[in-house]
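[1] below are the sequence and a predicted model for it; my questions follow.
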Amino acid sequence: MEISDYLRILRKRGWIIIVVALIAGASAYAFSKMQTPIYSATVKLSVVPARATDWGSSNSLKDLLRNYAESITTHTMAQEVIDRAQLDMDTSTFLSRLFVNPDSSTFTLAIEARDRDPEVAMGMVDMMAKVFAEDRDQWNQKQDKRDRIEVKMLDSVYNLGYQQYSPKTQINTLAGLLFGALVGVLVIFFLEWLEMDVIRTAEDVERAIDVTVLGAVPPAPGDKPASAGKKQRRLAPGLRGAN
């Protein structure tokens, strides 16, 4: 097919793409608005060895960060946070909403909590950060000063605030529009495929039988296009090819 053919198809059926895209986008928007919002709160902990310039201590701390992440996500630590923050949930529910990401490149631990109530999410990470920092402080008291590891909160979660984790209405709506446009294109190609054997214009005749059309004869009353099977091309009334 030539570019002119594609342009003709777009002029003829382009509205299908627009309609399907709008329907899909509106559906995605409505579905997002029907969902219950989930909010996310995050706090970062700085984890620095007393001998920060010592390569061995810094390298060992990279492995310890993963261990600290595992310690934070234990039922014991979760229960301590639940009791102190007076949260109405069990440890399994608490841990299913808590996520810890250790970053060895910056020597930090990012603690994230997700909940339907933004205040609960902020309370979870704030108390977990405090409990873990206190636990590490108690451990430091038993160690030589050169072997201690300082754990502190970089910024209060109440200063950072919270954000909506899901649903992401704008992204979902845009995805719906794009998906609808794609479906619309497929529908157009399907409709064009169904009408491949239909000849309507002089250009269709010339492409089909490679013969120049010299003129068109008006259809007689009751004249109908002949058909002889699914694969036989049908000639629209009014078109006659020259031999």
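    Nice, I can see it. This is a predicted model, so every value here is computed, not measured. Numbers count the residues shown, from 1 in each chain.
[2] mind checking the longest strand of this protein?
    Longest strand of the chain, by residue count under DSSP state E: strand 38-49.
[3] so what does the following helix or strand past it touch, helix or strand wise?
    Toward the C-terminal end, the helix or strand that comes next after strand 38-49 (DSSP states H and E) is helix 55-72. Here helix 55-72 touches strand 38-49, strand 98-103, strand 108-115, helix 118-141, going by 3 or more CB pairs under 8 Å, 6 or more residues apart in numbering; DSSP states H and E. (Glycine included, C-beta is placed from N, CA and C.)
[4] torsion angles phi and psi at Val185?
    The phi and psi values for Val185, taken as degrees, to the nearest 10, are phi -60, psi -40.
[5] residue numbering should commence at 24 henceforth.
    In the new numbering, first residue 24, that becomes Val208.
[6] quick one: residues contacting it.
    Applying CB atoms under 8 Å, 6 or more residues apart in numbering, we find Val208 in contact with Ile40.
[7] break the protein into its domains for me.
    24-58+191-218, 61-189, 220-266 (automatic domain parsing).
[8] show the average pLDDT along the second one.
    Domain 61-189 shows an average pLDDT of 87 in the prediction.
[9] and that domain, end to end?
    5 Å (CA to CA, to the nearest Å).
[10] gap between it and the chain center?
    The chain centroid and the centroid of domain 61-189 are separated by 27 Å under CA atoms, centre = their mean, to the nearest Å.
[11] same question, stretch 37-56
    Centroid separation for stretch 37-56 versus its chain: 17 Å, with CA atoms, centre = their mean.
[12] ok, residues contacting it?
    Residues outside stretch 37-56 that contact it (CB under 8 Å, 6+ apart): 190-192, 195-204, 206-208, 210-211, 214.
[13] mind doing that once more with 6 Å?
    Stretch 37-56 is contacted by residues 190, 192, 195-196, 199-200, 202-204, 206-207, 210-211 when judged by CB atoms under 6 Å, 6 or more residues apart in numbering.
[14] before we move on, back to that, most tightly packed of the domains of the chain?
    Between the domains of the chain, domain 61-189 has the highest mean count of neighbours, a mean of 16, where neighbours are mean count of other CB atoms under 10 Å.
[15] ok, now which ones touch the nearest residue to Asp149 once chain neighbours are set aside?
    When the adjacent residues along the chain are set aside, Asp149 lies closest to Val180, with 4.8 Å between them (CB to CB, 6 or more residues apart in numbering). Remark: with contacts taken as CB under 6 Å, 6+ apart, Val180 is in contact with 64, 66, 145, 148-149.
[16] off-centre distance for the helix or strand that contains Leu33?
    Counting by DSSP H and E, the secondary-structure element that holds Leu33 is helix 26-57. Its chain's C-alpha centre and that of helix 26-57 lie 21 Å apart, by CA atoms, centre = their mean.
[17] now it: mean pLDDT?
    Confidence over helix 26-57, taken as the mean pLDDT, stands at 86.
[18] straight-line length of stretch 128-147, end to end?
    25 Å.
[19] sec struct for Gln187, please.
    The three-state label given to Gln187 by DSSP: H, G, I helix; E, B strand; the rest coil is strand.
[20] can you give the strand pairings for the longest strand of the chain, parallel or anti for each?
    Within its sheet, strand 61-72 is paired with strand 131-138 (antiparallel), strand 172-176 (antiparallel), strand 186-189 (antiparallel), according to DSSP bridges.
[21] export the ones you listed as JSON lines, with columns for distance to Thr59.
    JSON lines is the format used below for those (distance: least, CB to CB, whole Å):
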{"stretch": "strand 131-138", "distance to Thr59": "11"}
{"stretch": "strand 172-176", "distance to Thr59": "30"}
{"stretch": "strand 186-189", "distance to Thr59": "9"}
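[22] now do the same contact list for the residue lying closest to Leu177 once chain neighbours are set aside.
    Computed as CB to CB, 6+ apart, the closest residue to Leu177 that is not its neighbour in sequence is Lys67, at 4.6 Å. Taking CB under 6 Å, 6+ apart as the contact definition, Lys67 lies against 131, 133, 177.
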